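Asker: got a predicted structure plus its sequence, pasted below:
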Amino acid sequence: MSADLAGLVSRLEAVTTRLESVASKSGSGAGDGDGEVPEFLSAYDEFVAQYVDPFVAASAKVESALVKEAAAALKKVTVEQKRFLVIASKHSQPKQDELAKLFKPLTELIAEVGQIKDKNFKDRDYSNYTGAVNEGVGAFGWVAVSPAPAPYVKATGEGAQFYTNRILKERQDKDWVKSYLPIFTALFDYVKKYHTTGVSWNKNASVFVPGPPKPALPNKPDRLRGVKFDHRPAPQNPDRPCQGPPATASAAAAPGAPPPPPPPPAASAAPPAPQQAQADVSALLQDLNKGAAVTSGLKKVTDDMKTHKNPKLRQSAAPYKKPVASKPTPVAKPKPAGPVRTPALALVGKKWIVEYHSGRQDLVIDEALMKHTVYVYKCDNCTLTVKGKVNSITLDNCKKTAVVFDNVVSGLEFVNCQSVQGQVTGKLPTASIEKTDGCQLYLSKESMNCQIISAKSSEMNISVPQEDGDFGEFAIVEQFRSVWNGKTFVTEPTELAE
């Protein structure tokens with residue numbers, strides 16, 4: 001048995017030696033010219049193989065084509081970043097304009113993940129998956145951050161946890177989340193170790209210069225191809241000072257073509273001469289000087305010429321026309337009312353469903369357990385009381401609805417709500433407010449360390465207990481100002497928001 005084991009060990013050592021020799025030969029083109037592969041390139045390959053590839057495999061098990069597409073796009077980002085790092089290992093850092101050209105393929109692939117997320121926006125079951133990938137893929141933009149890219153990777157990875165928490169709460173997909181979040185922890189460690197102040201360029205090599213662009217072919221419209229133009233000048237006609245464009249040779253030689261139009265005739269009515277105009281004016285003045293005798297030459301109108309005394313001269317009345325009735329304005333048909341939903345308050349699996357209630361102030365859940373979640377959907381003017389400790393509470397598309405509860409393990413969430421309230425009497429670690437207008441949250445003394453996350457919301461007020469037993473109200477900032485400080489954007493609340 002020991003002899004077999006020793007033989008197996010010797011064979012493994014021989015295979016290892018052969019693999020190391022092959023790897024050194026294949027990687028000789030990516031080093032500094034002496035045939036050695038930089039350590040940060042091999043470490044990046046290990047990072048991709050150990051963390052990114054398992055994530056792609058885990059995404060292949062999700063029943064959504066867009067989630068698989070987003071994972072494949074993330075893999076493309078890592079391949080493009082490896083190409084960038086290989087260039088950095090062979091060359092020194094180029095100028096800013098050339099560096100921007102190097103970043104362009106990577107930024108386009110990162111933007112492709114955002115397009116996949118937009119396609120999956122309406123998919124309520126899997127939109128959080130593509131949202132998490134879109135939020136985290138930005139961490140691979142660390143190559144454009146200096147002098148400290150590692151904190152940028154950490155902050156971006158933490159931003160993706162907003163969506164992974166939803167996946168754990170709604171889908172309980174622990175395998176996918178466990179394969180995704182470690183990517184950013186490992187990427188943080190890699191960047192911190194090998195690229196502490198930025199990308200590790202080869203300072204001893206030449207500056208990277210991209211190849212010249214291919215010359216553009218002349219753009220000839222198809223509709224002009226094969227058409228022959230006659231550029232010979234047309235014969236001038238002194239009798240026609242204004243001539244049109246010269247005719248082409250093909251048009252001039254066409255049989256049966258009509259001759260060109262004759263010149264326009266002279267004006268038939270010429271303006272009166274100055275002497276004739278003066279004679280007309282003098283004749284008019286002489287008639288005016290006659291006074292009352294100016295009417296002596298007029299013909300007298302007799303009774304037989306008057307229409308009111310001679311009916312024969314009267315014109316017949318116009319035929320009667322029926323007035324056109326105005327078209328009635330179309331009346332808009334009333335839209336049919338939506339289906340009446342049946343209110344529900346029931347425990348389905350581990351989730352309490354509270355939906356379609358209106359005007360109820362006596363909704364109570366008194367059998368809640370720590371493993372249960374509470375989901376309140378489309379309730380109007382209601383009050384819900386939750387007794388005991390639950391995992392999480394979510395209010396979705398609710399109006400003028402309040403929830404009072406004791407303890408929550410994960411957090412309280414308001415989504416697409418209007419004029420809602422929440423009050424905790426025990427422990428609340430996290431409160432999330434998203435796409436909500438008008439939110440009032442009352443905290444207890446045990447929940448003073450509660451983290452409040454808000455996005456696309458307004459009129460958010462938090463009330464905290466005071467020493468005199470009353471509550472003090474504080475508003476959540478809604479307006480921010482971002483300023484470029486030369487390295488990154490610094491965001492802070494505006495004076496108006498403060």
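Answerer: Noted; the coordinates are in hand. Given the structure is predicted, the values throughout are model-derived calculations rather than measurements.
Asker: contacts for stretch 341-361 next, please.
Answerer: 363, 365, 367-368, 371-384, 390-391 (CB atoms under 8 Å, 6 or more residues apart in numbering). All C-beta atoms are positioned from the backbone trio N, CA, C, and that covers glycine.
Asker: could you flag which of those residues are buried?
Answerer: Taking 16 or more other CB atoms under 10 Å as the criterion, what is buried in these is 363, 365, 368, 372-379, 382-384, 390-391.
Asker: for these, which one is nearest residue 118?
Answerer: residue 377 (24.8 Å; CB to CB).
Asker: could you check the pLDDT of the closest one?
Answerer: pLDDT, residue 377: 95.
Asker: who's in contact with it?
Answerer: 353, 354, 355, 356, 396, 397, 398.
Asker: residue nearest the centroid of the chain?
Answerer: residue 118 (7.4 Å; CA atoms, centre = their mean).
Asker: how much space between it and residue 181?
Answerer: 23 Å (CB to CB, to the nearest Å).
Asker: now swap in residue 470 and tell me
Answerer: Counting by CB to CB - residue 470 and residue 181 are separated by 42 Å.
Asker: give me the phi and psi angles of residue 301.
Answerer: phi -90, psi 120 (degrees, to the nearest 10).
Asker: can you list the weak-confidence ranges in this protein?
Answerer: Confidence mapping of the chain against pLDDT under 70 gives the ranges 1-35, 209-294, 296-297, 314-322, 325, 335-339, 495-498.
Asker: where do the helices sit along it?
Answerer: Applying DSSP state H to the chain gives helices spanning 2-26, 39-47, 53-59, 65-90, 96-119, 127-137, 149-170, 174-180, 182-194, 249-252, 274-288.
Asker: so which of those helices is the most surrounded?
Answerer: Burial of the helices of the chain is given as mean neighbour count (mean count of other CB atoms under 10 Å); helix 127-137 ranks first at a mean of 24.
Asker: helices or strands next to it in the packing?
Answerer: Taking 3 or more CB pairs under 8 Å, 6 or more residues apart in numbering; DSSP states H and E as contact, the helices and strands that helix 127-137 lies on are helix 65-90, helix 96-119, helix 149-170, helix 174-180.
Asker: make TSV out of those and add distance to residue 435.
Answerer: Putting these into TSV (distance: least, CB to CB, whole Å) gives the following:
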stretch	distance to residue 435
helix 65-90	22
helix 96-119	16
helix 149-170	14
helix 174-180	24
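Asker: closest to residue 454 out of these?
Answerer: helix 149-170 (11.5 Å).
Asker: span of stretch 451-462 from start to end?
Answerer: Terminal residues of stretch 451-462 lie 11 Å apart, using CA to CA, to the nearest Å.
Asker: quick one: buried residues of that stretch?
Answerer: 452, 454, 457, 460, 462.
Asker: CSV for these, including distance to residue 134?
Answerer: Listed next are the buried residues of stretch 451-462 as CSV, based on distance: CB to CB, whole Å:
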residue, distance to residue 134
452, 24
454, 20
457, 21
460, 25
462, 29
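Asker: quick one, what contacts residue 439?
Answerer: 414, 417, 420, 421, 422, 433, 457, 459, 460, 461.
Asker: so which of those belong to strands?
Answerer: Residues of those located in strands (DSSP state E): 414, 420, 421, 422, 433, 459, 460, 461.
Asker: mind checking how far residue 295 is from residue 163?
Answerer: 101 Å.
Asker: my read: residue 201 touches residue 86, true?
Answerer: No: under the criterion of CB atoms under 8 Å, residue 201 makes no contact with residue 86, lying 11.9 Å away.
Asker: list the contacts for the nearest residue to residue 447 once chain neighbours are set aside?
Answerer: Nearest non-adjacent residue to residue 447, counting by CB to CB, 6 or more residues apart in numbering: residue 428, 4.2 Å away. With contact set as CB under 8 Å, 6+ apart, residue 428 has these partners: 407, 408, 411, 412, 443, 444, 447, 450.
Asker: restricted to strands, list the residues you listed.
Answerer: Per DSSP E, the subset of those in strands is 407, 408, 411, 412.
Asker: between those, which is nearest residue 324?
Answerer: residue 412 (65.9 Å).
Asker: before we move on, back to that, could I get the ones in strands among the contacts of residue 439 as a markdown table with distance to residue 196?
Answerer: A markdown table is the format used below for the ones in strands among the contacts of residue 439 (distance: CB to CB, whole Å):
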| residue | distance to residue 196 |
| --- | --- |
| 414 | 41 |
| 420 | 46 |
| 421 | 48 |
| 422 | 44 |
| 433 | 37 |
| 459 | 44 |
| 460 | 39 |
| 461 | 43 |
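Asker: buried residues of stretch 196-204, list them for me.
Answerer: Quick answer for stretch 196-204 (16+ other CB under 10 Å): 198, 199, 200, 201, 202.
Asker: OK, contacts around the first one?
Answerer: So that's residue 198. Residues in contact with residue 198 (CB under 8 Å, 6+ apart) are 145, 146, 147, 149.
Asker: what's the domain layout of the chain?
Answerer: Dividing the chain into domains by automatic domain parsing, as the record does, gives the ranges 15-194, 344-493.
Asker: what's the span of the shortest one, first residue to last?
Answerer: What it means is domain 344-493. Note: domain 344-493 ends 42 Å apart using CA to CA.
Asker: closest one to residue 93 out of the buried residues of stretch 451-462, please.
Answerer: Distances from residue 93 to those, taken by CB to CB, are shortest for residue 454, at 40.0 Å.
Asker: can you tell me how far the nearest residue to the closest one once chain neighbours are set aside sits from residue 153?
Answerer: Nearest residue to residue 454, sequence neighbours excluded (CB to CB, 6+ apart): residue 433, at 4.4 Å. Using CB to CB, residue 433 is found at 27 Å from residue 153.
Asker: just to revisit the earlier point, can you add distance to residue 483 and give the helices of the chain back as JSON lines?
Answerer: Formatted as JSON lines, the helices of the chain follow (distance: least, CB to CB, whole Å):
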{"stretch": "helix 2-26", "distance to residue 483": "48"}
{"stretch": "helix 39-47", "distance to residue 483": "33"}
{"stretch": "helix 53-59", "distance to residue 483": "36"}
{"stretch": "helix 65-90", "distance to residue 483": "29"}
{"stretch": "helix 96-119", "distance to residue 483": "21"}
{"stretch": "helix 127-137", "distance to residue 483": "24"}
{"stretch": "helix 149-170", "distance to residue 483": "18"}
{"stretch": "helix 174-180", "distance to residue 483": "33"}
{"stretch": "helix 182-194", "distance to residue 483": "26"}
{"stretch": "helix 249-252", "distance to residue 483": "67"}
{"stretch": "helix 274-288", "distance to residue 483": "78"}
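Asker: nearest to residue 307, out of the ones you listed?
Answerer: helix 274-288 (29.5 Å).
Asker: report the contact partners of residue 102.
Answerer: 84, 87, 94, 208, 210.
Asker: give the contact list for the fourth one.
Answerer: Residues near residue 208 by CB under 8 Å, 6+ apart: 87, 90, 91, 92, 94, 98, 102.
Asker: do the first one as well
Answerer: Residue 84 is in contact with 102, 103, 106, 143, 199, counting by CB under 8 Å, 6+ apart.
Asker: is residue 41 in contact with residue 89, as I believe?
Answerer: Yes: using CB under 8 Å, residue 41 is in contact with residue 89, at 6.0 Å.
Asker: name the residues that touch stretch 117-130?
Answerer: 59, 62, 64, 66-67, 70, 113, 116, 131, 133-134, 163-164, 166-167, 170-171, 176.
Asker: ok, 10 Å please
Answerer: 59, 62-71, 73, 113-114, 116, 131-135, 137, 162-171, 173, 176-177, 180 (CB atoms under 10 Å, 6 or more residues apart in numbering).
Asker: what's near enough to touch residue 382?
Answerer: Contacts of residue 382 by CB under 10 Å, 6+ apart are 343, 354, 357-363, 376, 398-403.
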